[in-house]
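1. Sharing a model that was predicted from the sequence below.
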Amino acid sequence: MATATLNATLDGARHAHYQREGYVVLRGLFTAADVDEMSAESDRLLERVDLMTPDNMRIRFKPHVDTGQQLFEVFDPFVDLAPVCLRYALDRRLLDALANIYGEEACLFKDKLIYKPPGSAGAHLHQDYIAWPRFPKSFLTVVVAIDPFDSDNGCTEVFPRVHRHGYLSPADGKHYQLDDAVLAGVEPTPLLLAPGDVAIFGCFTPHRSAANRSARWRRGLFLSYNAASEGGRQRDQHYQDFHAWLRDKHPPATRDRLYFR
Ligand SMILES: O=C(O)CCC(=O)C(=O)O
């Protein structure tokens with residue numbers, strides 16, 4: 001299937017594509033100069049090794065696919081450390097595209113900076129929705145490519161049209177991987193992105209990514225939003241809920257070591 005593309009705005013056809021397929025790609029939403037700024041700030045953040053401990057709830061590691069060595073992979077959140085990327089997360093080019101999808105303003109809900117270094121394992125098959133009382137069903141994720149996303153470095157892959165079936169896991173507040181069998185017969189679409197391209201997919205769109213088998217990083221902003229009418233601005237509340245959930249699922253014996261900085 002052809003990947004939907006568009007320069008800079010979300011017209012009626014692209015909106016229809018998003019509703020029908022559960023995702024859309026906007027080519028070149030951000031310029032090369034914009035991407036240079038995001039890239040420089042991402043590089044600066046990589047110097048914050050003081051934050052990169054397993055007990056910091058802001059940080060996630062992934063094993064190297066061959067050696068098992070733990071590699072730093074994600075800041076979640078990051079815009080509080082990254083004023084340039086915060087500006088792009090609230091850029092009208094992006095917010096206008098989201099307003100076209102929602103029919104109203106979007107509010108930033110969650111923000112991750114995923115580096116996916118060479119060798120990093122992939123992301124298992126899942127939907128982003130999680131059945132927490134406050135989790136918005138209008139949640140969607142915007143991927144802003146800093147580096148190219150391709151099949152060698154483990155681009156995100158989405159399963160089109162499956163979002164219409166809603167949430168496919170038990171609604172008990174836990175995070176679930178999806179079994180491949182649930183999606184039998186549905187071909188994934190790789191989100192092949194150039195720097196500055198943007199992909200948008202909803203919280204019921206199953207997605208995954210393969211390991212990064214290249215020698216290149218795959219840096220991208222993963223910015224998630226909700227429709228303003230579904231809870232308004234709730235990013236701070238979301239991170240309180242997220243941290244409570246992380247603490248809860250951590251082994252009690254070492255739970256007290258967890259911190260956020
Ligand atoms: O890294 C990717 O391609 C996907 C990441 C993802 O799905 C997530 O962080 O929830």
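-> It's in.
2. Going by C-alpha atoms from here, please, whenever you check contacts or count neighbours.
-> Fine.
3. so where's the stretch 1-150 of the chain shaky on pLDDT?
-> Across the stretch 1-150 of the chain, the ranges flagged by pLDDT under 70 are 1-9.
4. can you do 90?
-> Applying pLDDT under 90 to the stretch 1-150 of the chain flags the ranges 1-14.
5. Give the burial count for whatever residue of the stretch 51-200 of the chain ends up closest to the ligand, as a bare number.
-> Using CA to the nearest ligand atom, the single residue of the stretch 51-200 of the chain nearest to the ligand is residue 156, 3.7 Å away. Counted by other CA atoms under 10 Å, the residues lying close to residue 156 total 22.
6. What parts of the stretch 1-150 of the chain come near the ligand?
-> Counting by CA under 6 Å from any ligand atom, the residues of the stretch 1-150 of the chain close to the ligand are residue 123.
7. Then the stretch 151-261 of the chain?
-> Counting by CA under 6 Å from any ligand atom, the stretch 151-261 of the chain sits next to the ligand at 155-156, 208-209.
8. try 8 Å
-> Counting by CA under 8 Å from any ligand atom, the stretch 151-261 of the chain comes close to the ligand at 154-157, 207-210, 222.
9. now that we have those residues, which one has the most neighbours?
-> residue 154 (27 neighbours).
10. Sticking with that one, tell me its helix or strand.
-> Residue 154 belongs to no helix or strand when assigned by DSSP states H and E.
11. Next one: it relative to residue 26, how far apart?
-> When distance is defined by CA to CA, to the nearest Å, residue 154 is 19 Å away from residue 26.
12. tell me the SS of the residue nearest the centre of the chain?
-> Residue closest to the average C-alpha location in the chain (CA atoms, centre = their mean): residue 222, at 3.4 Å. Put simply, residue 222 is strand when judged by DSSP: H, G, I helix; E, B strand; the rest coil.
13. Isn't it up against residue 156?
-> No - under the criterion of CA atoms under 8 Å, residue 222 makes no contact with residue 156, lying 10.9 Å away.
14. For residue 252, the count of nearby residues, please.
-> Residue 252: 10 surrounding residues under other CA under 10 Å.
15. Now do it against residue 246, distance only.
-> Taken as CA to CA, the span from residue 252 to residue 246 is 11 Å.
16. got it, and residue 100?
-> Distance from residue 100 to residue 246, counting by CA to CA: 34 Å.
17. ok, these two, which is more surrounded?
-> When residue 100 and residue 246 are compared for neighbours, residue 100 comes out ahead with 17 against 13, by other CA under 10 Å.
18. what's the closest non-adjacent residue to that one?
-> residue 10 (6.5 Å; CA to CA, 6 or more residues apart in numbering).
19. Thought residue 94 was touching the one you found, still the case?
-> No - at 9.6 Å, residue 10 does not count as touching residue 94 under the criterion of CA under 8 Å.
20. which one of these two has more residues nearby?
-> residue 10 (24 against 21).
21. quick one: the strands in the stretch 101-250 of the chain?
-> Ranges of strands in the stretch 101-250 of the chain, per DSSP state E, counting those that start in this stretch, are 106-114, 123-126, 140-145, 156-158, 189-190, 198-202, 207-209, 220-227.
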